[in-house]
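Undergrad: predicted model follows, preceded by the sequence.
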Amino acid sequence: MNLRERYDAATADLEAPFAVVDLQAFRANAADLVRRAAGKPIRVASKSVRCRALLDEVLAMDGFAGIMAFTLPEALWLAEHGLSDDILVAYPTADRTALRTLAADDHAAATITIMVDSADHLDLIEECAEGRPIRVCIDIDASYWALGGKIRVGARRSPLHSPDQVRGLAESVLKRPGLDLVGLMAYESQIAGVGDVPPGKPAMARTIRAMQKRSRLELARRRAAIVKAVRELTDLEFVNGGGTGSVEKTAAERAVTEVAAGSGLYQPHLFDYYSNFHGRPAALFALPVVRRPGPGVVTCLGGGYLASGPGDEIRLPQPYLPTGLSFDSNEGAGEVQTPLLGDSADLLRLGDRVWFRHTKAGELCERFDALHLIEGERHIRTVPTYRGEGRTFL
């Protein structure tokens with residue numbers, strides 16, 4: 001039985017559209033992340049999972065410890081449900097209500113660490129916390145600068161780039177009795193989030209690999225200097241870095257105590273273009289064929305599930321099974337219908353499923369209120385996504 005036949009058999013009683021997670025692939029991907037981390041704990045990026053049942057599943061596996069949340073309200077919700085006693089919010093917050101809730105809840109305040117990169121963040125936290133203790137982590141700019149900063153590669157995150165800048169904010173934190181500096185974080189998006197084998201672009205691949213090598217060396221030296229400068233002031237519980245695309249590279253740095261990963265559990269198609277690992281597609285969605293407009297064409301219901309990021313073709317979901325299908329360039333993935341072209345279209349009948357892969361991981365769960373967990377040819381159970389629990393944090 002091939003993969004498409006297995007998925008169709010496992011979900012025969014379901015009406016598309018729906019989303020599934022292949023547990024065998026999910027667990028294999030998790031095991032590979034642990035192998036790549038080489039003994040350093042992996043903090044699970046919840047934005048890439050967005051399903052409490054699957055967060056529980058992966059946190060029960062050896063090698064995973066703690067959650068990296070994407071908003072403070074999400075972290076408060078996860079802490080309330082006891083998913084972890086170690087939740088790091090990866091992005092700064094300006095949510096005064098959530099900050100007051102955090103400060104007023106002893107369990108949440110002991111469980112959750114929030115992100116800062118400026119004195120403005122510290123002022124806001126103090127204003128809302130009213131003297132109650134709050135755990136904070138400093139976010140470091142991990143981008144790569146060349147030609148004296150005239151060229152900058154990487155996500156626009158923290159303004160703190162140098163050891164002196166990070167040390168300066170750390171000193172400011174330590175002067176405020178209600179704030180407890182417990183960690184540092186640096187996310188190297190230009191390495192972890194950029195595949196080095198873009199299809200059909202060998203010259204670009206060489207350029208990316210050269211940039212990533214230089215960036216890795218520069219960041220390893222700078223991160224070590226930053227950690228040293230801050231550890232001279234205070235003890236740190238953790239130094240977090242990396243992402244799915246750079247797990248083994250980031251884990252190899254002595255200054256890093258843990259790595260973050262999440263997308264590699266689902267293996268969306270954006271992560272197919274890396275030379276250092278090859279995951280198994282684990283999260284998919286199925287659309288039903290509802291029209292046959294003519295030879296070599298079928299139309300599916302729905303499908304316009306584009307990913308965030310720059311407006312390019314790679315943000316489109318990818319027709320996966322059966323093979324040999326592609327989008328109509330004039331329509332793409334549509335709000336209510338998606339035409340697909342190719343020889344395979346003539347073999348599909350009304351009601352047949354076309355299986356797709358999303359570009360990014362957790363964003364798929366913003367489209368579906370449930371994930372159907374399958375193992376082999378069996379539908380094991382159905383679990384709610386964040387959306388299915390009435391929670392849409394962004």
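TA: That came through fine.

Undergrad: can you find the helix or strand in this structure with the smallest mean pLDDT?
TA: Among the helices and strands of the chain, strand 151-153 carries the lowest confidence by mean pLDDT, DSSP states H and E, at a mean of 85.

Undergrad: partners of that strand, with directions?
TA: According to DSSP bridges, strand 151-153 has the following sheet partners: strand 144-146 (antiparallel).

Undergrad: now the strand it pairs with: mean pLDDT?
TA: Per-region confidence: strand 144-146 scores 87 on mean pLDDT.

Undergrad: tell me which residues are up against that strand.
TA: Contact with strand 144-146 is made by 151-154, 161, 190, 211, 214-215, 218-219, as judged by CB atoms under 8 Å, 6 or more residues apart in numbering. No exception for glycine: its C-beta is placed from N, CA and C like everyone else's.

Undergrad: got the buried residues for it?
TA: For strand 144-146, a neighbour-count test (16 or more other CB atoms under 10 Å) marks 144-145 as buried.

Undergrad: and that strand, how far from the chain's centre?
TA: Strand 144-146 sits 24 Å away from the centroid of its parent chain (CA atoms, centre = their mean, to the nearest Å).

Undergrad: centroid residue for this protein?
TA: In the chain, the residue lying closest to the centroid (CA atoms, centre = their mean) is S48, at 3.5 Å.

Undergrad: that residue contacts S263, doesn't it?
TA: Yes. Between S48 and S263 a contact is recorded at 4.5 Å, counting by CB atoms under 8 Å.

Undergrad: which strand in the chain runs the most residues?
TA: Assignment by DSSP state E gives strand 283-294 as the longest strand of the chain.

Undergrad: which parts of that strand are buried?
TA: Neighbour-count burial for strand 283-294 flags 283-290 (criterion: 16+ other CB under 10 Å).

Undergrad: what about the helices in the stretch 251-394 of the chain?
TA: For the stretch 251-394 of the chain, the helices defined by DSSP state H, counting those that start in this stretch occupy 263-266.

Undergrad: now L184: phi and psi?
TA: Note on L184: backbone dihedrals following degrees, to the nearest 10 are phi -130, psi 150.

Undergrad: tell me the helices and strands packed up against the longest strand of the chain.
TA: Secondary-structure packing of strand 283-294 (3 or more CB pairs under 8 Å, 6 or more residues apart in numbering; DSSP states H and E): strand 18-22, strand 297-301, strand 337-341, strand 353-357.

Undergrad: now that strand: how far from the chain's centre is it?
TA: 27 Å.

Undergrad: go on, stretch 329-337?
TA: The answer for stretch 329-337 is 26 Å, by CA atoms, centre = their mean.

Undergrad: what comes into contact with that stretch?
TA: 290-291, 299-306, 316-317, 327, 338-339.

Undergrad: which one of the buried residues of strand 283-294 is nearest L124?
TA: Distances from L124 to the buried residues of strand 283-294, taken as CB to CB, are shortest for A283 (35.9 Å).

Undergrad: partners of the closest one in the sheet?
TA: Beta-bridge pairing for A283 (DSSP bridges): V21.

Undergrad: now swap in V354 and tell me
TA: Counting by DSSP bridges, V354 is bridged to L287.

Undergrad: burial count for it?
TA: By the criterion of other CB atoms under 10 Å, V354 has 24 neighbours.

Undergrad: hang on, the earlier thing: can you put the helices and strands packed on strand 283-294 in a markdown table and add distance to R391?
TA: Converted to a markdown table, these look like this (distance: least, CB to CB, whole Å):
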| stretch | distance to R391 |
| --- | --- |
| strand 18-22 | 17 |
| strand 297-301 | 26 |
| strand 337-341 | 28 |
| strand 353-357 | 24 |
